[in-house]
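In: Here is a sequence with its predicted model. Questions after.
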Amino acid sequence: MKKIASLLLAVCLLLALTACGSAKTETAAPAADASADASVTLTAGKLAVGVEIGYPPMEYFDEDGSTAIGFDVEMFTEIASRMGLELEIVDTAWDGIFAGLESDKYDMIMSSCSITPARQNSYLMGEPYVQNAIELLVPVDSDITGIEDVTGRSVAVQGETSSHDYLRDNDTGCEIRDYDKVINCFDELKLGRVDAVLTDSVVAAYYLGSDIDNYKVVWVNEEAEPIGVTYKKGNEALYNAIEEVLDAMSADGTTAKIATKYFGDASGVDGLR
């Protein structure tokens, strides 16, 4: 973690309410009027970003199978450019992405990371740059009409995400099927091997947009899960530098432009940070 109305609801919620590997390096062209204090990153002149590529539309590979694209990818590429830093994308399995931050494999995580109390206790979480909520998707012909109907049914989630946490923490009575990638969840749903997928609204909107005739959203969690950048605790210098750039991108319309590219013209970009 509906037909046409459902798509609009999913994407509006996403934006109006303001979660293996090998390392891959890309270089962002330095901005002429921007400079960064080398001390804010692990390696002088470089911004290393931990990301789990395989979570469309936020971060995934282009058709060539090697070029990272997506909302988050364009966002942190722009951040590195404005700071005059070389960008290093470190593709990391989700179940090890926080450990990678702790062991200084990268400077920050910008990979659809929901801001939760547990994560705020362990990490320095940035301000939300896009909003999100957990949604339940089912085939259009399913008789499941809400989360209360999953008792005795199989529900697919990406392992160790907030959707996974929701099913473990709440007595839904469903059979939890956890997978390494959210893409695997939808593959299983298409094949009829699971009854539903619980995932972020940003992902739900993507799949509804590309396959509206086959899926519908039947439940949206009332508790919002805003998405923010994750930093190692104590790294206030990088936190302040990145958050300042994100504020500027919001003010000059860059964030809205990127959002429209990946979420569609009907997304209601006024709700973005």
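Out: Arrived safely. Quick caveat, the model's predicted, so the values are computed rather than measured.
In: where does residue 218 land in three-state SS?
Out: Three-state assignment for residue 218 (DSSP: H, G, I helix; E, B strand; the rest coil): strand.
In: And for residue 101?
Out: helix.
In: Kindly provide the distance from it to residue 56.
Out: Per CB to CB, to the nearest Å, residue 101 is found 23 Å from residue 56. Placement of C-beta: from N, CA and C, glycine included.
In: Repeat that for residue 198.
Out: Distance from residue 198 to residue 56, counting by CB to CB: 17 Å.
In: neighbour-wise, which of those two wins?
Out: Neighbour count, other CB atoms under 10 Å: between residue 198 and residue 56, residue 198 has more, with 28 against 20.
In: Okay, and the beta partners of the more buried one?
Out: On the basis of DSSP bridges, residue 198 is bridged to residue 136.
In: Quick check: it touching residue 158?
Out: No: using CB atoms under 8 Å, residue 198 and residue 158 do not qualify as a contacting pair, with a distance of 9.2 Å.
In: For this protein, which segments count as helices?
Out: 3-16, 71-83, 97-102, 117-122, 162-169, 182-190, 201-210, 236-251, 254-263 (DSSP state H).
In: And the average pLDDT for the second one is what?
Out: Helix 71-83 carries an average pLDDT of 98.
In: Tell me the helices and strands packed up against it.
Out: Contact here means 3 or more CB pairs under 8 Å, 6 or more residues apart in numbering; DSSP states H and E; on that basis helix 71-83 packs against strand 46-51, strand 86-91, helix 236-251, helix 254-263.
In: the inter-axis angle of the longest one versus helix 254-263?
Out: This means helix 236-251. Angle of helix 236-251 versus helix 254-263, following axes from the mean of the first three to the mean of the last three CA atoms, to 10 degrees, is 70 degrees.
In: Determine the set of other helices and strands touching helix 236-251.
Out: Packing partners of helix 236-251 (3+ CB pairs under 8 Å, 6+ apart): helix 71-83, strand 230-231, helix 254-263.
In: Phi and psi next, for the most centrally placed residue in the chain.
Out: With distances taken as CA atoms, centre = their mean, the residue of the chain nearest its centroid is residue 112 (2.0 Å). Backbone torsions for residue 112, taken as degrees, to the nearest 10, come to phi 50, psi 40.
In: check contacts around it.
Out: In this structure, residue 112 makes contact with 19, 55, 58, 59, 72, 132, 200, 202, 227, judged by CB atoms under 8 Å, 6 or more residues apart in numbering.
In: Of the residues you listed, which belong to strands?
Out: residue 200 (DSSP state E).
In: Go through the contacts of residue 112 and name the one nearest residue 81.
Out: Nearest to residue 81 among the contacts of residue 112 is residue 72, at 14.8 Å by CB to CB.
In: Residue 246 versus that closest one, what's the distance?
Out: Taking CB to CB, one finds residue 72 at 12 Å from residue 246.
In: Neighbour count for those two, which is higher?
Out: A count of neighbours by other CB under 10 Å puts residue 72 above the other of residue 72 and residue 246, at 30 against 24.
In: How about the contacts made by that one?
Out: The contact partners of residue 72, taken as CB under 8 Å, 6+ apart, are 51, 58, 59, 110, 111, 112.
In: from memory the fifth one sits against residue 68, does it?
Out: No: taking contacts as CB under 8 Å, residue 111 lies outside contact range of residue 68: 10.8 Å.
In: Perfect, I'm done here.
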